[in-house]
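S.K.: Okay, structure incoming, though there's no sequence with it:
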Ligand code: F6P
């Protein structure tokens, strides 16, 4: 491994996700293991611009592997989209002699990282931190597993009250452009129907399905809706269904940001730990403008330009399974 690299900074950017702290810990610990000086940047690219940096030692990441959120805070920076903002960020890094940056975030964060590294002599590695699971170059993003389990836990609770009152619930989950959370949680929680942005939603088909369930003596039901569905959010869809079908009393629950918080699952902690170490080792091998991800349980580096939003790996066969099991 090359020994030229001396100082590396880490930041978390965009929507936070459970496991970001485990990832920060892995980066700091493995960086120090390889004799690097590690810096944390507070509030993502905004902190990078404003000079909000803190030295990270071994103990600065103690007792965080189990914590949700991010000790480095996160932000969506408008200023970093501008050349002036990037210039300021570069000077802040140069002033401290920092030569490389690890960005834990999603699609938008990677785009910023790519342009930055293209423009200046700063090496950049991306790590997939988003609950949406919608990136190329990794089978799982850090936080997706925890978020999906949170959703399943919530829907299990909703099922109890839905059953007690013979009600139909429309449950909205996160996923502005992606249906991974809805599809997987929808199967795991036994929902009657799953509505996601990647597939065409037909209110008529949904109503038909609900009517069939009612005629087969279903007394309550659960429909999971990804927030980005083309027919609207859960309130809108409930209103459209209600106009055609009065077989149930209908209720709506928006799970919202509860899905982003909480202690990361074992899976997310291990994923974050593996990718954190991989990022440092990748930098030491000279990798640049790449995202470290996990494909078929192997660490794989993908150019940041290709690690953009992706929903093509969504397993459409899961819909078939869900239809069979929800009759
Ligand atoms: O973290 C990704 C995501 O959860 C999207 O699914 C969602 O649309 C978005 O973040 C909302 O984030 P915020 O409320 O922080 O803008």
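M.R.: Here it is on my side, so go on. Since the structure is predicted, the reported quantities are computational estimates derived from the model, not experimental observations.
S.K.: pretty sure residue 73 is touching residue 43, no?
M.R.: Yes. Using C-beta atoms under 8 Å, residue 73 is in contact with residue 43, at 4.6 Å. (Glycine included, C-beta is placed from N, CA and C.)
S.K.: ends of stretch 40-48, how far apart?
M.R.: 10 Å (C-alpha to C-alpha, to the nearest Å).
S.K.: got it, and stretch 128-139?
M.R.: 10 Å.
S.K.: buried residues in that stretch?
M.R.: 128-139 (16 or more other C-beta atoms under 10 Å).
S.K.: packing partners for the host helix or strand of residue 302?
M.R.: Assigned by DSSP states H and E, residue 302 falls within strand 298-303. Strand 298-303 sits against helix 266-284, strand 290-295, with contacts defined as 3 or more C-beta pairs under 8 Å, 6 or more residues apart in numbering; DSSP states H and E.
S.K.: Would you reformat these as TSV and include mean neighbour count?
M.R.: Converted to TSV, these look like this (neighbours: other C-beta atoms under 10 Å):
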stretch	mean neighbour count
helix 266-284	22
strand 290-295	23
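S.K.: What residues does the protein have near the ligand?
M.R.: 15, 130-132, 174-176, 227, 260 (C-beta under 6 Å from any ligand atom).
S.K.: list the contacts for the closest residue to residue 165 other than its chain neighbours?
M.R.: Sequence neighbours aside, residue 249 is the residue nearest to residue 165 in space, at 7.0 Å (criterion: C-beta to C-beta, 6 or more residues apart in numbering). Residues in contact with residue 249 (C-beta atoms under 8 Å, 6 or more residues apart in numbering) are 165-168.
S.K.: So which of the residues you listed wins on neighbours?
M.R.: residue 168 (25 neighbours; other C-beta atoms under 10 Å).
S.K.: Please work out the average pLDDT along the helix or strand where that residue lies.
M.R.: Using DSSP H and E, residue 168 sits within strand 167-173. If you average the pLDDT over strand 167-173, you get 98.
S.K.: What strands flank it, and is each parallel or antiparallel?
M.R.: strand 221-226 (parallel), strand 249-254 (parallel) (DSSP bridges).
S.K.: in the last one, what's buried?
M.R.: By that I understand strand 249-254. In strand 249-254, counting by 16+ other C-beta under 10 Å, buried: 250-254.
S.K.: pLDDT added to those, as TSV?
M.R.: Output for the buried residues of strand 249-254, formatted as TSV (pLDDT from 0 to 100):
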residue	pLDDT
250	98
251	98
252	98
253	98
254	98
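S.K.: Give me the buried positions along the helix or strand that contains residue 324.
M.R.: Secondary structure from DSSP H and E places residue 324 in helix 317-325. For helix 317-325, a neighbour-count test (16+ other C-beta under 10 Å) marks 319, 322 as buried.
S.K.: what angle separates it from strand 221-226?
M.R.: 170 degrees (axes from the mean of the first three to the mean of the last three C-alpha atoms, to 10 degrees).
S.K.: Begin at 31, not 1, for the rest of this chat.
M.R.: Taking 31 as the first residue, the last one we looked at is helix 347-355.
S.K.: Helix 347-355 - contacts with which helices or strands?
M.R.: helix 210-218, strand 223-225.
S.K.: need those in a markdown table with mean pLDDT, distance to residue 346 and mean neighbour count, can you?
M.R.: Below are the helices and strands packed on helix 347-355 laid out as a markdown table (pLDDT from 0 to 100; distance: least, C-beta to C-beta, whole Å; neighbours: other C-beta atoms under 10 Å):
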| stretch | mean pLDDT | distance to residue 346 | mean neighbour count |
| --- | --- | --- | --- |
| helix 210-218 | 97 | 9 | 24 |
| strand 223-225 | 97 | 11 | 26 |
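S.K.: what sits up against the helix holding residue 354?
M.R.: Residues contacting helix 347-355 (C-beta under 8 Å, 6+ apart): 213-214, 216-217, 220-221, 223-224, 229.
S.K.: What pLDDT does the model give the residue of the chain with the smallest separation from the ligand?
M.R.: As assessed by C-beta to the nearest ligand atom, the ligand sits closest to residue 45 within the chain, at 2.6 Å. We note a pLDDT of 96 for residue 45 in this prediction.
S.K.: what does residue 32 give?
M.R.: 56.
S.K.: next one: residue 345
M.R.: Value listed for residue 345 in the pLDDT field: 89.
S.K.: got the contact list for it?
M.R.: residue 213.
S.K.: what's the helix or strand for it?
M.R.: Secondary structure (DSSP H and E) places residue 345 outside all helices and strands.
S.K.: What is the subsequent helix or strand relative to the helix or strand harbouring residue 62?
M.R.: Assessed by DSSP H and E, residue 62 sits inside helix 50-63. The helix or strand immediately downstream of helix 50-63 is strand 67-71, counting by DSSP H and E.
S.K.: Quick one: residues in contact with that following strand.
M.R.: With C-beta under 8 Å, 6+ apart, strand 67-71 has contacts from 36-41, 54, 57-58, 61-62, 77-78, 82-87, 90, 101-102, 126, 128, 131.
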